[in-house]
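1. structure of the sequence below:
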Amino acid sequence: MWTIFISALGLLFVFEGILPFLSPPAWRRVMLQMTVQGDRLLRIIGLVSMLAGLALVSIARDLYQGIM
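-> The predicted structure follows:
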């Protein structure tokens, strides 16, 4: 269980780092746009992101257990 969690966290850092690495100006624009959004929209985005991440981790776990 911890192996999957740590792997998922590592992948999160990789994906979070792609945009600032490839295009710092685009990343700044995205971050500036996020600062002007209302709290409700940011919460919705956060909820959708968490649910998508949970689904992906669950799928990865099921695939891993299917292989073993």
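2. gap between E16 and R40?
-> From E16 across to R40, the span is 23 Å (Cβ to Cβ, to the nearest Å). Every residue, glycine included, has its C-beta placed from N, CA and C.
3. and the pLDDT at the residue nearest the centre of the chain?
-> Ranked by distance to the mean C-alpha position of the chain (Cα atoms, centre = their mean), the top residue is L12 at 5.3 Å. Reported pLDDT at L12 in the predicted model: 88.
4. what residues are up against it?
-> G53 (Cβ atoms under 8 Å, 6 or more residues apart in numbering).
5. and it, how close does it get to V36?
-> 25 Å.
6. in the protein, which spans are helices?
-> For the chain, the helices defined by DSSP state H cover 2-22, 24-35, 39-67.
7. and the pLDDT at M1?
-> Taking M1 on its own, its pLDDT is 69.
8. swap in F5?
-> pLDDT, read off for F5, is 79.
9. if I look at the closest residue to it other than its chain neighbours, how far off is V48?
-> Excluding its sequence neighbours, the residue lying closest to F5 (Cβ to Cβ, 6 or more residues apart in numbering) is V57, at 7.7 Å. Per Cβ to Cβ, V57 is found 15 Å from V48.
10. and those two? which has more neighbours close in?
-> V57 (16 against 10; other Cβ atoms under 10 Å).
11. and the pLDDT at the more buried one?
-> pLDDT, V57: 79.
12. how much space between it and I45?
-> Distance from V57 to I45, by Cβ to Cβ: 19 Å.
13. ok, now V30?
-> 12 Å.
14. also R61?
-> 25 Å.
15. so where's this protein shaky on pLDDT?
-> 1, 68 (pLDDT under 70).
16. switch to 90 and redo it
-> For the chain, applying pLDDT under 90 flags the ranges 1-9, 11-12, 53-54, 56-68.
17. excluding sequence neighbours, find me the nearest residue to S7.
-> Distances taken as Cβ to Cβ, 6+ apart put A60 closest to S7, at 7.9 Å, once the chain neighbours are dropped.
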